[in-house]
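Undergrad: Below is the sequence, then the predicted model.
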Amino acid sequence: MKAVQFTGVDQLRLADVDVPRIGPDEVLVALRSVGICHSDFELLEGRYIIPFDYPIVPGHEWAGQVAEVGREVTAFAPGDRVLGECVIGQQHFGFSISGAAAEYFVARPEWLHKVPDQLSDTQAALVEPFSCAYYAAAQAGNVNASDTVVVFGAGPIGLSCMALAATLGARVIAAEPDPLRGDLARQLGAEEVLDPTADSFAENVLEVTGGRGADVVMEASGQPAAMAATLEIAGFGARLVNIGIDVGRSATAKLGLIQSKQLRIQGTIGSPGVWPETLRFLARTGLDLTPMITGRYPLDRAPEAYAAARKAGENVKVHIEYGGAA
């Protein structure tokens, strides 16, 4: 079978490998669609956040179909459409454990969820980034139509935050300097797009909020300057959630605003414990996140897909598809 392999730092190949064999408590999954994430490039560059060894098959945002189950597996059967969580205890699927960028791959039933009929394979492969937004909104608490939500960064998670907040009825303002991503932000629910690099950004937020500032701020860019700016554009008593990850860089911030505005600040990592709710939400609302997919490639052109995904100015989310993904 074909599989994407990272064989060393900046070494990527489409390899011919044996179809994996499963144990009695494992599931063999046939790929339908897998997204390429910024974290995949951290893995390829040898700087992922937990230990791993090359060679490794990437891919942690995926949808597939059960091809075979071990004799001890009772919750799934061949033909089931499934997706899976990527953080399994101390291991990360697609990072420290080989992932889904292959014709077939091994999973365990406790990682898996059945895909609702309302979601296509392509939509299902976007559940992982959306679940991070869902978890962040849950931590912000009761996001609703009374809120103005400012989201920093119109990457996949930021766009998911915008789409989620808009679906919940909130007024959404995107803080994003890139025109392509700004257009996607509008498609997915943002009413305003403001450039956070402009000197007048904080004043612009105050102007469009009638002087009140944001009720909820979701920082999904991972840029230290944006993290600092969240304090300035927040309104009194605002809820702030930091989703974007940065380790080691710094920015000057007006920390006194935390106290003077009585801000509540929460950091989130991933989406622990919310996948069933996330799937029910998507199935019930019909929220379609596929506009953020700016490139789709077959598995046999996977190296081209990764090259395209590196071009952040041209692409937001690139998917690799196999086996007739819808």
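TA: Looks like it arrived, so ask away.
Undergrad: residue ranges with poor pLDDT in the protein?
TA: In the predicted model, the chain carries pLDDT under 70 at residues 324-326.
Undergrad: per-domain residue ranges of it.
TA: Domain assignment for the chain by automatic domain parsing gives 2-126+289-321, 129-267.
Undergrad: Kindly reformat these as CSV containing mean neighbour count.
TA: No exception for glycine: its C-beta is placed from N, CA and C like everyone else's. Below are the domains of the chain laid out as CSV (neighbours: other CB atoms under 10 Å):
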stretch, mean neighbour count
domain 2-126+289-321, 19
domain 129-267, 20
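Undergrad: Out of the ones you listed, which is closest to residue 277?
TA: domain 129-267 (7.0 Å; CB to CB).
Undergrad: ends of the closest one, how far apart?
TA: With CA to CA, to the nearest Å as the measure, domain 129-267 spans 16 Å from end to end.
Undergrad: next one: that domain to chain centre, how far?
TA: Relative to its chain's centre, domain 129-267 lies at 16 Å (CA atoms, centre = their mean, to the nearest Å).
Undergrad: Please list the residues outside stretch 204-220 that contact it.
TA: Residues outside stretch 204-220 that contact it (CB atoms under 8 Å, 6 or more residues apart in numbering): 133, 136-137, 140, 143, 146-153, 155, 157-158, 161, 165, 170, 173, 192, 194, 198, 226-227, 230, 233-236, 238-244.
Undergrad: now, which of those lie within helices?
TA: Residues of the contacts of stretch 204-220 located in helices (DSSP state H): 133, 136-137, 140, 157-158, 161, 165, 226-227, 230, 233.
Undergrad: Going by distance to residue 100, which of these wins?
TA: residue 157 (18.8 Å).
Undergrad: separation between that closest one and residue 38?
TA: Distance, residue 157 to residue 38, using CB to CB, to the nearest Å: 10 Å.
Undergrad: same deal with residue 76?
TA: 30 Å.
Undergrad: which residues in this protein form helices?
TA: Counting by DSSP H, the helices of the chain are 38-44, 121-124, 127-140, 156-167, 179-187, 201-208, 224-233, 256-260, 275-285, 302-310.
Undergrad: Compare those and give me the one nearest residue 88.
TA: Ranking the helices of the chain by their distance to residue 88 (criterion: CB to CB) puts helix 275-285 first, at 12.4 Å.
Undergrad: name the helices or strands packed onto that closest one?
TA: Packing partners of helix 275-285 (3 or more CB pairs under 8 Å, 6 or more residues apart in numbering; DSSP states H and E): strand 112-114, helix 127-140.
Undergrad: For the ones you listed, give me TSV that also has distance to residue 89.
TA: Below are those laid out as TSV (distance: least, CB to CB, whole Å):
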stretch	distance to residue 89
strand 112-114	15
helix 127-140	17
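Undergrad: what about these, which gets the closest to residue 13?
TA: Of all the helices and strands packed on helix 275-285, helix 127-140 sits nearest to residue 13, with 24.4 Å by CB to CB.
Undergrad: For the closest one, what is the distance to the chain centroid?
TA: On CA atoms, centre = their mean, the centre of helix 127-140 falls 9 Å from that of its chain.
Undergrad: and the angle from that helix to helix 275-285?
TA: 100 degrees (axes from the mean of the first three to the mean of the last three CA atoms, to 10 degrees).
Undergrad: what residues does helix 127-140 touch?
TA: Counting by CB under 8 Å, 6+ apart, 35, 37, 60-63, 83, 85-86, 119, 143, 156-157, 160-161, 163-165, 168, 216, 218, 220, 239, 241, 243, 266, 268, 270-275, 277-279, 281-282, 289, 317 sit against helix 127-140.
Undergrad: what's the answer for stretch 178-190, then?
TA: By CB under 8 Å, 6+ apart, stretch 178-190 touches 151, 154-155, 158-159, 162-163, 165-167, 172-174, 176, 193, 289, 291-292, 313-314, 316.
Undergrad: repeat for stretch 226-239
TA: So stretch 226-239 is contacted by 140-141, 148, 150, 152-153, 175, 196, 201-202, 205-206, 209, 212-217, 219, 240, 242, 244, 246, 251-255, 257-258, 261-264, 266 (CB under 8 Å, 6+ apart).
Undergrad: so residue 160 makes contact with residue 288?
TA: No - judged on CB atoms under 8 Å, residue 160 makes no contact with residue 288 at a distance of 11.8 Å.
Undergrad: picking up where we left off before, I'd like the helices of the chain as CSV, with distance to residue 50 appended.
TA: Listed next are these as CSV, based on distance: least, CB to CB, whole Å:
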stretch, distance to residue 50
helix 38-44, 10
helix 121-124, 26
helix 127-140, 17
helix 156-167, 20
helix 179-187, 29
helix 201-208, 35
helix 224-233, 23
helix 256-260, 31
helix 275-285, 20
helix 302-310, 21
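Undergrad: Which of those helices sits closest to residue 67?
TA: helix 121-124 (14.6 Å).
Undergrad: just checking, what packs against that closest one?
TA: Helix 121-124 makes packing contacts with strand 27-36, strand 61-69, strand 81-84, strand 317-321 when contacts are defined by 3+ CB pairs under 8 Å, 6+ apart.
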